[in-house]
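Engineer: Build me a structure from this.
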Amino acid sequence: MRRYGRPLNADLNLTNLVDVTFTLLIIFMITAPLLTQGIKVDLPKLTASSIETDNTITIHILRNRTIYIEHDGAKSRIRLNDFNRSFADIYAASSKPVVVNADKSVPYGIVMQVIGVLKESGVQKLGFLTDPVESRDAIQSLKL
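Structural biologist: Numbers count the residues shown, from 1 in each chain. Here you go, the predicted model:
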């Protein structure tokens, strides 16, 4: 027996697939900027060579005087009063070079307190993070 009628539609309806794809694309475009990790610090601008921070202990000092210690992929928030004891424990276990990442608006006295603790703990290698200056004109504008 033979069936008569419309032939079967063998096309694949891609409308739903395209809708889902664009929805996912929009979700990723919105969430990608929110995933940036790290601590926002406004660094002073200087000319210097770059350093490798993978094998270091990084001390972040934010403009609101919050201190973070970053080592072995972990970040710890520490109060200035507890910094001496906390850093001594961390440094005794690793003895890695230390990099200070201080916001340029942090008072000089706070940075010097942190450096004093680093010196008391026996830090031999100490560095500071800065933003690179792009041109000679910018360097001239930084001079006092």
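Engineer: wait, what's in contact with Y68?
Structural biologist: Residues counted as contacts of Y68 (CB atoms under 8 Å, 6 or more residues apart in numbering) are 39, 59-60, 62, 75-78. In short, each C-beta sits where N, CA and C put it, glycine included.
Engineer: continuing past whichever strand or helix holds F83, what's the next helix or strand?
Structural biologist: Using DSSP states H and E, F83 sits in helix 83-94. Later in the chain than helix 83-94, the nearest helix or strand by DSSP H and E is strand 98-102.
Engineer: So which elements touch that following strand?
Structural biologist: strand 57-61, helix 108-120, strand 126-128 (3 or more CB pairs under 8 Å, 6 or more residues apart in numbering; DSSP states H and E).
Engineer: strand partners of it, parallel vs antiparallel please.
Structural biologist: As defined by DSSP bridges, the strand partners of strand 98-102 come to strand 57-61 (parallel), strand 126-128 (parallel).
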